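Peer 1: A structural model of the following input is requested.
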Amino acid sequence: MMRGSLGKLAIFLLVLFLAVGCSSGNNTGTGGPQDSQKIFIGSMTIEENLPVLVAQEKGYFAEENVEVELVTFQSPVELQSAFQTGELDGAITDIMIAALLKSSGEDLKVTSIALGATPEEGRFAIIASPNSDISSIQELKGKSIGISNNSIIEYVTDKLLLAGGVEPSEVEKTTVAKLPLRVEMLLNSQIDAIVVPDPQITYVVSQGAKIIADDSQGANLSQSVMILQENTINEKKEALTSFYRAYTKGVQAINNNPDEFKNLLVSNVNIPESIVDIYAVQHYSEPQLPQEKDVEPVLEWLESKGLLQNKVNYGDFVYGELY
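Peer 2: Numbers count the residues shown, from 1 in each chain. Next comes the predicted model:
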């Protein structure tokens, strides 16, 4: 009888000890592994990933008690498929793909800009072949321009042409979906011009190609963004706010000392070896939503081409309550 009473007392004291311990742990705010919610973010091997990589390397995610896995893909199709099948909580993509996914019925929100808060971030350019005599947008009339159609590349192409007084119908758009092939065709003079982002701009210029126009001035044409599943926002909101606190620390670290992270960038992004020494680390902006004035022209362009299955409204498209 005594043993039974002592056993019950021991169990009671153990439960009391655990309860006090758990309460004490929660009050400190330090949390622990059991509190961490893992977040899966998908992306291509692009320089937009650098703040996430820095937050991992510097331990900022660990400081915020959130576990983040950056999952990289070799093609946009694979990335979109993984997002649509729910394998990812979020993805880094361009504003146009985000709009197309939203229009197709995906429950997603754009939660921040990855690159492109200013026109200087995330440059795209129309570039003429090294052997070409093209030196202005006007001289592109009747010439072939390598693009990927129905994409942010084609959108930027159209806007840059119009800004230079050339109707998009006055050039010969040639679909060359694969970026390396587009670059190769330009350098081999198989096409008059191409439209590409950095680091390809820097590379082809180093090979003698000429920038005819870029989007680093004037209207903000190209933005890459973070998109998140709506169910992730609902179920992991606390973890996502922690993610963005760590992400912000990563951005600040890069902007304070970009050269410190040059090797990390080079080892994780497809930068041609011949330009590694001259290629500069981008400036990154702290988390913020794309502005409606920059998003609406993209939506209008998509609608004019009949690419939206359902209308996308800016207010339903964005969500900025995570930072």
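Peer 1: Show me what counts as buried in stretch 144-160.
Peer 2: 144-148, 150-160 (16 or more other Cβ atoms under 10 Å). Every C-beta, even on glycine, is put in place using the N, C-alpha and C of the backbone.
Peer 1: what's it in contact with?
Peer 2: The contact list for stretch 144-160 (Cβ atoms under 8 Å, 6 or more residues apart in numbering) reads 94-97, 124, 126, 137, 168, 171-177, 182, 185-186, 191-196, 213-215, 219, 221-222, 297-298, 301, 305, 307.
Peer 1: Give me the three-state assignment for the nearest residue to residue 175 once chain neighbours are set aside.
Peer 2: Excluding the flanking residues, the one nearest residue 175 by Cβ to Cβ, 6 or more residues apart in numbering is residue 149, at 4.8 Å. When classified by DSSP: H, G, I helix; E, B strand; the rest coil, residue 149 comes out as coil.
Peer 1: per-residue confidence at residue 149?
Peer 2: Listed pLDDT for residue 149 reads 93.
Peer 1: do the one 3 residues further on as well
Peer 2: Confidence at residue 152, expressed as pLDDT, is 96.
Peer 1: if we can go back for a sec, filter the contacts of stretch 144-160 down to just the ones in strands.
Peer 2: Cross-referencing those against strands under DSSP state E gives 94, 124, 126, 172-175, 193-196, 213-214.
Peer 1: Just give me the closest of those residues to residue 293.
Peer 2: residue 94 (17.3 Å; Cβ to Cβ).
Peer 1: OK, contacts around that closest one?
Peer 2: Here residue 94 is in contact with 151, 152, 222, 223, 224, 225 (Cβ under 8 Å, 6+ apart).
Peer 1: would you turn those into TSV with distance to residue 280?
Peer 2: TSV is the format used below for the contacts of residue 94 (distance: Cβ to Cβ, whole Å):
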residue	distance to residue 280
151	26
152	22
222	18
223	20
224	18
225	23
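Peer 1: Helix, strand, or coil at the residue nearest the centre of the chain?
Peer 2: Geometric centre of the chain, nearest residue: residue 92, 3.3 Å, by Cα atoms, centre = their mean. Secondary structure state of residue 92, per three-state DSSP, is strand.
Peer 1: For it, name its beta-bridge partners.
Peer 2: residue 226 (DSSP bridges).
Peer 1: Now do the SS call for residue 278.
Peer 2: coil.
Peer 1: give me every residue that touches it.
Peer 2: 202, 206.
Peer 1: Now it: phi and psi?
Peer 2: phi -100, psi -10 (degrees, to the nearest 10).
Peer 1: roughly how far apart are it and residue 234?
Peer 2: 45 Å (Cβ to Cβ, to the nearest Å).
Peer 1: and what of residue 91?
Peer 2: Residue 91 is 17 Å from residue 234, by Cβ to Cβ.
Peer 1: how about low-confidence regions in the stretch 201-323 of the chain?
Peer 2: Within the stretch 201-323 of the chain, no stretch has pLDDT under 70.
Peer 1: quick one, strands of it?
Peer 2: Counting by DSSP state E, counting those that start in this stretch, the stretch 201-323 of the chain has strands at residues 210-214, 224-229.
Peer 1: what's the spacing between the last one and its chain's center?
Peer 2: On the basis of Cα atoms, centre = their mean, to the nearest Å, the separation between the geometric centre of strand 224-229 and that of its chain is 7 Å.
Peer 1: And the helices in the stretch 101-250 of the chain?
Peer 2: With helices called from DSSP state H, counting those that start in this stretch, the stretch 101-250 of the chain shows them at 152-163, 179-187, 200-206, 230-235, 237-256.
Peer 1: Let me see the contact set for the nearest residue to residue 268 once chain neighbours are set aside.
Peer 2: Spatial nearest neighbour of residue 268, excluding adjacent residues (Cβ to Cβ, 6+ apart): residue 53 at 5.8 Å. Residue 53 makes contacts with 70, 250, 261, 264, 265, 268, as judged by Cβ under 8 Å, 6+ apart.
Peer 1: Dump these to TSV, plus distance to residue 205.
Peer 2: Listed next are the contacts of residue 53 as TSV, based on distance: Cβ to Cβ, whole Å:
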residue	distance to residue 205
70	29
250	29
261	23
264	24
265	19
268	23
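Peer 1: Sweet, I'm off.
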